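[1] Sequence below, structure please.
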Amino acid sequence: MTSNEFSLNTFVNGDHQPSSALNPLAFSGFAHFSAMQVREGKMRGIDLHLTRLRKASQKLFNNALSDQQVRTYIRDAIKESPLDCSLTITLYSSHGEFTAHSMNTVPQVLIRTSAPSNGPSGPLHLTAIKHLRPMPDIKHVGEIGKTFYLHRALEKGFDDAIFVDEQTRISEGTIWNLAFWDGHTIIWPKAPMLQGTMMSILQRQLTKLQIPQRTVQLKLSDLTMLSGSAVMNSWTPGVSVKGIDNTVFKDSDKLNALLHNAYQYEPLEEI
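    Next up, the predicted model:
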């Protein structure tokens, strides 16, 4: 048999698995994605997801599908799924990793739906760990560090981890964006990180509600001057943070209520 005639075989725990078009994706790391919650067959912030996917595709593949095409794929998946669900859309190169052929290619689209989620109830106790995600502005796959540092946080008795750089500047959580509260203003960390779609939704609705916000470089040493913190991602607009390492926040529930209220102003849209 020549190399051109070789067929892909897949084994799990020694057992041969049937051939599948998804087999090459099992450990494919040259891909990016966006995750969202669907309620009543509708979504919030679809424009933000489409923009994220288009920009990341241009950066990774030098090519991008039209927003309308991606929207059509999402709409078709929702039609075949429960009205309330979690949806993840992954754009990837059919050529896989470690090849020049992925440089200029039209990305393929993988969509998965699963049970809906509203995130943990909290409050959470977090620990700070020095770590910078590679290409932090892109929501890409294969990030072993996020799970590794979650495990390290759990081993130390915390609920999760946040990341800081060599100067102890705060960026983001393992799968979260962070917000802080000084009693008057919502504060967003300024550092290399992913601009989450939930974070963007909240920022634009807080602006419309004329709730003060600012973005600043925050260091761990600044936390003692703050009274509240919350985390957010595609699951939820906010989960209260009761503390980061030895710093305790007494007003996180107030911040969390502001974030949840702002989120309700973002309309559910037909796809």
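
[2] Confirm residue 162 sits in a strand?
    Yes. Assigned with DSSP: H, G, I helix; E, B strand; the rest coil, residue 162 falls within a strand.

[3] can I assume it is in contact with residue 131?
    No. Using Cβ atoms under 8 Å, residue 162 is not in contact with residue 131, being 9.3 Å away. Backbone N, C-alpha and C define where each C-beta goes, glycine included.

[4] The two: which is more packed in?
    residue 162 (27 against 18; other Cβ atoms under 10 Å).

[5] what sits opposite the more buried one in the beta ladder?
    Counting by DSSP bridges, residue 162 forms beta bridges with residue 128, residue 173.

[6] And stretch 166-182, what's buried?
    The neighbour-count check on stretch 166-182 (16 or more other Cβ atoms under 10 Å) flags 169-182 as buried.

[7] and what of stretch 106-117?
    Applying 16+ other Cβ under 10 Å to stretch 106-117 flags 107, 109-111, 113 as buried.

[8] now swap in stretch 29-45 and tell me
    Result for stretch 29-45 [16+ other Cβ under 10 Å]: buried residues 30-38, 41, 43-45.

[9] Tell me how the chain divides into domains.
    Listed by automatic domain parsing, the domain ranges of the chain are 7-114, 124-266.

[10] Would you mind finding the most buried of the ones you listed?
    With neighbours defined as mean count of other Cβ atoms under 10 Å, these peak in mean count at domain 124-266, which reaches a mean of 18.

[11] Lowest-confidence entry in the buried residues of stretch 29-45?
    Lowest pLDDT of these: residue 30, 90.

[12] Surely residue 215 is in contact with residue 189?
    Yes. Here residue 215 reaches residue 189: they are 7.5 Å apart, a contact under Cβ under 8 Å.

[13] mean pLDDT for the domains of the chain: which is lowest?
    Lowest mean pLDDT within the domains of the chain: domain 7-114, a mean of 90.

[14] quick revisit: any chance of the buried residues of stretch 106-117 in TSV, plus secondary structure?
    Putting the buried residues of stretch 106-117 into TSV (three-state DSSP) gives the following:
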residue	secondary structure
107	coil
109	strand
110	strand
111	strand
113	strand
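
[15] between those, which is closest to residue 79?
    Using Cβ to Cβ, residue 113 is the member of the buried residues of stretch 106-117 that lies nearest residue 79, at 10.6 Å.

[16] Find the nearest non-adjacent residue to that closest one, please.
    Nearest non-adjacent residue to residue 113, counting by Cβ to Cβ, 6 or more residues apart in numbering: residue 81, 4.1 Å away.

[17] Would you map the strands across the stretch 151-271 of the chain?
    160-164, 170-173, 177-181, 186-189, 213-216, 228-233, 236-244, 247-248, 269-270 (DSSP state E, counting those that start in this stretch).

[18] so who does residue 201 touch?
    For residue 201, the contact set (Cβ atoms under 8 Å, 6 or more residues apart in numbering) comprises 44-45, 48, 237, 263, 266.

[19] Point out the ones among those residues that are inside helices.
    With DSSP state H as the criterion, helices contain 48, 263 from among those.

[20] Closest one of the contacts of residue 201 to residue 25?
    Nearest to residue 25 among these: residue 48, at 25.3 Å, using Cβ to Cβ.

[21] Distance-wise, check the closest one relative to residue 250.
    Shown here: residue 48 relative to residue 250, a distance of 32 Å by Cβ to Cβ, to the nearest Å.

[22] same question, residue 148
    Per Cβ to Cβ, residue 148 is found 31 Å from residue 250.

[23] and what of residue 144?
    Distance of residue 144 to residue 250, given as Cβ to Cβ: 35 Å.

[24] which residues in the protein form helices?
    Ranges of helices within the chain are 46-61, 67-79, 144-155, 197-208, 252-263, based on DSSP H.

[25] TSV for those helices, including distance to residue 88?
    As requested, these are exported to TSV (distance: least, Cβ to Cβ, whole Å):
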stretch	distance to residue 88
helix 46-61	11
helix 67-79	10
helix 144-155	15
helix 197-208	12
helix 252-263	20
